[in-house]
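[1] here is my input, please return the structure:
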Amino acid sequence: MDERMDDEGRMKSILDSLNLLNVEMQEIISLCEFSNLSYAEVATALDIPIGTVRSRLSRARENLRGLLNEDDFAQHSAPHLIRLDNTRDAHDLS
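    Alright, predicted model coming up:
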């Protein structure tokens with residue numbers, strides 16, 4: 001029960017921080033991280049080049065990391081909540 005409450009608290013912190021980002025950054029984080037779409041799928045959905053997806057996602061992650069207490073987040077976060085490093089699945093590297 002305590003673990004679930006901790007997870008819910010961390011997710012609330014992430015969502016609160018996400019809401020502080022501009023709409024473009026919120027959108028790219030939501031599509032790439034929460035919806036788990038590939039760069040190509042996001043590029044198609046937003047009608048932008050894949051390179052733009054990558055650069056927007058990089059900036060959005062950087063800004064989100066700045067809003068979160070990284071030490072606490074890194075120590076306790078579940079990887080399925082959000083990847084704040086710059087790793088992607090192999091299908092996104094092309």
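
[2] quick one: mean pLDDT for stretch 56-65?
    Mean pLDDT, stretch 56-65: 91.

[3] run the chain-centre distance for that stretch.
    8 Å (CA atoms, centre = their mean, to the nearest Å).

[4] swap in stretch 49-56?
    The answer for stretch 49-56 is 14 Å, by CA atoms, centre = their mean.

[5] in that stretch, what's buried?
    For stretch 49-56, burial by neighbour count (16 or more other CB atoms under 10 Å) applies to Ile50, Val53, Arg54, Arg56. In this view, the C-beta of every residue, glycine as well, is placed from N, C-alpha and C.

[6] and which of the residues you listed is nearest Ser13?
    Set against Ser13, the nearest of the buried residues of stretch 49-56 by CB to CB is Arg56 (22.3 Å).

[7] who touches the closest one in this structure?
    Arg56 makes contact with Glu24, Met25, Ile28, according to CB atoms under 8 Å, 6 or more residues apart in numbering.

[8] quick one: which of the residues you listed is most hemmed in?
    Ile28 (24 neighbours; other CB atoms under 10 Å).

[9] that residue and Leu37: what is the separation?
    Going from Ile28 to Leu37 by CB to CB, to the nearest Å gives 10 Å.

[10] now do Ile14
    Ile14 is 18 Å from Leu37, by CB to CB.

[11] go on, Asp7?
    23 Å.

[12] more neighbours: these two, which one.
    Just comparing Asp7 and Leu37: by other CB under 10 Å the higher neighbour count belongs to Leu37, 17 against 14.
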